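Enquirer: need a structure here:
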Amino acid sequence: MRTSLFSKTPSVTVLDNRGLTVRDIAYHRHPDSPDVTSERITHHQYDARGFLTQSADPRLHGAGLMNFSYLTDLTGRILRTQGADNGTTVSLNDAAGRPFISASNISTSDDGTEDRGQAMTRTWQYEEASLPGRLVSVTEQVTGKATRITERFVYAANTDAEKSLNLAGACVSHYDTAGLVQPDSIALTGVPLSVTRRLMKSADNPDAVADWQGADASAWNDQLDGETHTTLTTADATGAVLTTTDAKGNLQRMAYDVAGLLSGSWLTLKDGTEQVIVKSLTYSAAGQKLREEHGNGVVTTYEYEPETQRLVGIKTERPAGHASGAKVLQDLRYEYDPVGNVLKVTNDAEETRFWRNQKVVPENTYTYDSLYQLVSATGREMANAGQQSCSLPSTTVPLPADSSAYTRYSRTYTYDEAGNLTQIRHNAPATNNSYTTKITVSDRSNRGVLSTLTENAADVDALFTAGGQQAQLQPGQHLIWTARNELLKVTPVVRDGSTNDSESYRYDAASQRILKVSRQKTNTSMQTQRVLYLPGLELRSTKSGDTETEGLQIITVGEAGRAQVRVLHWESGRPDEITDDQIRYSYDNLAGSCSLELGGDGNIISAEEYYPYGGTAVWAVRRAVEADYKTVRYSGKERDATGLYYYGYRYYQPWAGRWLSADPAGMVDGLNLFRMARNNPVAFIDRNGLNSELLYSQAFKRTANKYNVIIGVRAPNPLGETLLKEGFPSKNFHMKAKSSPTGPTAGFIAEDPIYSKVSPSAYKKQRASIDKAKALGSESIDLFISKSRINELIETGNLNFLGENRYSAKYPYGTQEFEIGNNGRVLNSEGKPVKVMTNPPEIGERKSNSSPITADYDLFAIIPSVNQSVNERPLTVPHKLLRGNFSLPFTSPKGKNGMSEDVNMGNLHHFGKTIVNSLNKEINAEGYAGGKLVWHNDEAGNPFSPGFDENDKPIFFLPSGGMFQAKNKSELLGFYSRLRRSGYTPEHSPIFGF
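Expert: Numbers count the residues shown, from 1 in each chain. All right, here's what the predicted structure looks like:
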């Protein structure tokens with residue numbers, strides 16, 4: 001990698017005199033033209049009150065257009081959002097601040113004229129004033145159609161029976177867009193212990209929409225199918241799940257070690273005997289996974305780079321003594337650049353092959369531009385791969401493939417100034433498999449389609465709905481969307497005078513897919529395939545006409561280490577070549593893609609490799625019939641018959657490298673709502689179609705999902721995240737000093753305040769915080785940094801190389817010079833060691849951690865739903881600035897609800913402590929080597945603590961797996977309003993008038 005490509009290409013933020021971001025500047029260089037540097041400037045405008053009114057990316061700003069414009073009320077709540085990609089949305093709250101009415105899917109022209117022909121108006125109805133004011137129903141109306149009641153909520157009373165199940169006041173019946181969900185019992189920790197799902201009678205019909213008309217539940221229940229699907233859960237006192245029993249009676253059991261990390265899991269099929277899924281797991285002292293052994297006897301070991309703690313090796317093998325013989329099955333080796341981009345992946349378990357005078361090495365390489373967008377890649381593909389399309393390539397049967405099966409390929413990627421992927425050039429010389437895929441992007445938005453649909457940029461917007469959903473997949477393949485902008489139906493084959501082939505979908509209230517129905521015309525009849533998605537279980541059936549030809553349960557094991565485990569249990573129609581209750585272990589790569597499938601005996605079922613943006617490059621199976629039962633592929637997502645990957649909130653088209661619809665979360669991942677994983681799908685992972693993965697975000701999502709809460713945090717800056725990846729501990733509750741913003745001390749807490757991010761006027765306060773931490777047991781130690789850290793600081797513009805071992809960096813106190821020795825020790829301009837701080841020991845601990853500390857994840861919001869029975873979270877005493885300028889009825893948490901202040905966590909009730917402990921356990925399981933990462937601060941509960949700033953950009957993790965990042969106050973207020981519409985209870989701050 002040429003580091004000169006990244007030299008002097010910092011990210012620059014320009015602030016106005018109010019401290020508001022008015023321009024974000026990035027510098028672009030391409031490896032093919034390293035001497036050419038171009039500016040990419042994103043513009044923002046604000047009103048007189050400081051609320052964001054417009055944002056425009058470099059491309060649209062140059063054309064005099066904008067990506068987003070906002071209209072806010074006097075308190076900053078967003079009333080109207082106009083997006084170039086996703087259309088216009090208008091929303092109003094009631095006097096209590098609850099959602100009242102919204103209209104979406106509105107198309108707005110340049111002159112401000114609105115087309116409401118596709119608009120959907122939604123209203124929320126609540127209990128009367130004498131009751132708690134809980135949401136009771138949601139109505140929706142599409143322009144020109146009748147009003148429908150799409151959701152109803154029924155709440156438990158306060159009887160002894162309901163209290164015994166912890167249901168008092170909770171929502172016990174939620175009639176949604178798929179049918180009915182009923183929590184039958186809830187644990188004190190908030191974990192649902194029994195949940196029952198019933199579908200609408202007409203659920204299989206995509207033209208049938210939910211409409212819960214009628215005065216009471218007896219009328220609504222008439223629309224429901226008689227079959228019930230109940231999932232049972234048991235949990236311990238901390239909320240950790242011990243067992244789950246799915247709707248068909250299959251039981252999964254989990255065990256944990258003394259640190260709360262998974263130590264084993266088992267599965268008992270209904271009426272069967274228990275079998276091991278995960279036999280053992282071994283962790284380092286810091287909680288990093290080192291070794292795991294599965295029930296098939298296969299062992300996976302993990303290797304980490306000492307300096308950065310990045311995962312550099314994943315080896316999966318049958319060990320000596322295995323019944324099927326010892327063999328290395330997969331040995332993935334990763335190489336990174338200094339900031340963590342993957343440069344090379346090698347599978348040392350595969351042999352180098354030779355074909356047509358071509359050396360085919362089992363490796364993939366990647367090259368990036370200065371914005372870390374992937375611009376070229378090499379790898380291997382099947383010799384018969386052909387041009388990538390919505391279809392899978394032909395499988396190679398049986399395993400192993402012969403030497404002629406593979407050939408080398410290279411790909412280059414081209415992007416416009418807004419980050420739209422506009423061209424994929426593929427070249428495999430040995431097979432003459434060379435082609436170019438072009439994407440035509442609108443000149444007025446970031447909407448784009450394959451050039452086979454149109455080559456005229458002016459025609460692109462007409463191929464999308466008003467809300468930004470693509471209306472055609474391929475020429476002649478029409479897409480139909482729900483009023484909530486969910487993909488409803490795809491018609492891959494249209495027939496005149498006969499039934500069309502189709503695939504349709506149904507979703508629950510959270511827009512998560514619960515049902516898929518595919519219909520294909522055969523020579524003699526119509527074949528129907530149906531999939532019902534339930535917790536831990538997929539019920540799949542196939543019919544020919546009215547006759548069921550196959551009934552299949554797929555049990556998805558929730559806790560199986562790194563592997564995804566699926567068990568195939570046939571109720572009818574099992575193929576002769578496959579044994580019943582077949583266990584399939586899918587072993588993934590760093591990006592989460594399922595690359596190797598093994599059976600319960602440890603033998604290979606299939607092997608698959610992928611192009612960087614998805615799509616299958618290599619596909620080999622031992623038996624052709626087994627290929628039909630692999631559905632989870634790239635990024636660990638299900639691939640539909642359409643060729644689309646389903647991510648949970650959106651569908652992804654890998655042949656175009658872009659999403660099928662605009663991001664429903666808005667601009668959480670930038671102004672381009674169709675861009676995939678920041679154009680870096682090798683380093684970033686988009687788990688659900690909302691935004692690229694952030695460090696340890698899966699731990700936050702798992703905890704949010706486990707306890708059905710929304711978790712709000714402020715993450716450290718990227719330089720701090722790098723230190724967390726390297727295993728440095730985060731500052732604890734007793735360290736109040738601020739970290740350093742730049743130079744070799746970046747992310748650490750320096751003993752000398754001249755290296756901190758505080759202004760000179762705050763020098764005394766920073767010094768006092770350091771002295772107080774020392775009095776509590778914090779120590780100052782010499783700073784050492786790694787060579788990769790030095791390179792990262794130089795490349796990001798935070799360190800200047802002066803020659804030999806001399807460097808400089810600009811701090812708020814002025815430019816400081818340093819000498820960094822070959823061993824990494826940092827000296828100041830006087831030749832004295834630069835000192836950084838360790839954590840003071842927690843109360844009750846004998847000594848502190850001896851490692852220097854970095855920034856933490858500031859936890860400031862734990863937001864439960866109205867359906868949960870958890871202790872009311874007290875408002876906290878605000879920080880000194882607010883306390884000194886406002887006289888407000890803030891309540892001290894001490895003594896409230898019988899709880900006292902925790903000496904190491906602050907003002908925290910039992911449920912909050914459960915969340916914090918769960919987060920740290922999950923983060924350790926993801927490989928964080930620094931101990932505790934999340935700490936509960938003094939101002940937790942106040943979304944603006946300790947004083948909301950435009951640069952804070954808080955991140956919220958949702959139970960559904962979603963994520964939202966508020967880039968300014970207006971977005972935060974809008975998000976809080978949406979939470980209330982969804983039945984959650986975010987605290988509002990009277991200080992900021994909302």
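Enquirer: Tell me if I'm right that Ile955 and Ile710 touch.
Expert: No. Contact criterion Cβ atoms under 8 Å: Ile955 and Ile710 do not qualify, at 10.8 Å. From N, CA and C alone the C-beta is placed, and that goes for glycine too.
Enquirer: Overlap of the contact sets of these two?
Expert: Common contacts of Ile955 and Ile710 (Cβ atoms under 8 Å, 6 or more residues apart in numbering): none found.
Enquirer: Between those two, point out the one with more neighbours.
Expert: Ile710 (24 against 20; other Cβ atoms under 10 Å).
Enquirer: count of residues packed around the nearest residue to Gly468 once chain neighbours are set aside?
Expert: Using Cβ to Cβ, 6 or more residues apart in numbering and skipping the chain neighbours, the partner closest in space to Gly468 is Ala662 (3.1 Å). By the criterion of other Cβ under 10 Å, Ala662 has 26 neighbours.
Enquirer: now swap in Tyr629 and tell me
Expert: 19.
Enquirer: before we move on, what about the one 5 residues further on?
Expert: By the criterion of other Cβ under 10 Å, Tyr634 has 23 neighbours.
Enquirer: Report the contact partners of it.
Expert: Ser593, Tyr610, Gly614, Gly615, Thr616, Tyr645, Pro654.
Enquirer: For it, give me phi and psi.
Expert: phi -60, psi 130 (degrees, to the nearest 10).
Enquirer: neighbours of the closest residue to it other than its chain neighbours, just the number please.
Expert: For Tyr634, ignoring the flanking residues on the chain, the nearest one in space by Cβ to Cβ, 6+ apart is Gly614 at 4.3 Å. Gly614 has 24 neighbouring residues, counting by other Cβ under 10 Å.
Enquirer: do the same with Thr547
Expert: 8.
Enquirer: Next: Ala704.
Expert: 25.
Enquirer: Could you export stretch 830-840 as CSV, keeping only the C-alpha atoms?
Expert: Provided in CSV are the C-alpha atoms of stretch 830-840 (Å, rounded to 0.1, in the frame of the first residue of the first chain):
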residue,chain,number,x,y,z
GLU,A,830,12.8,18.6,26.3
GLY,A,831,13.5,14.9,25.9
LYS,A,832,11.3,13.9,28.8
PRO,A,833,8.8,11.1,28.7
VAL,A,834,5.3,12.1,27.9
LYS,A,835,3.0,10.7,30.6
VAL,A,836,-0.5,9.3,30.3
MET,A,837,-3.0,8.2,33.0
THR,A,838,-4.2,4.9,34.1
ASN,A,839,-7.6,4.3,35.7
PRO,A,840,-8.1,4.9,39.4
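Enquirer: for that stretch, what is the average pLDDT?
Expert: For stretch 830-840, the per-residue pLDDT values average out at 90.
Enquirer: residues in contact with the residue nearest to Gly468?
Expert: Ala662 makes contacts with Gly83, Asp85, Asn86, Arg447, Gly467, Gly468, Gln469, Leu673, Phe674, as judged by Cβ under 8 Å, 6+ apart.
Enquirer: 10 Å instead?
Expert: 83-87, 445-447, 464-465, 467-470, 485, 650, 672-674 (Cβ atoms under 10 Å, 6 or more residues apart in numbering).
Enquirer: cool, and Arg806?
Expert: By Cβ under 10 Å, 6+ apart, the contact set of Arg806 is Asn800, Glu817, Phe818, Glu819, Ile820, Leu827, Ser829.
Enquirer: Would you point out the most distant pair within these?
Expert: Largest separation among those by Cβ to Cβ: Asn800 and Leu827, giving 16.1 Å.
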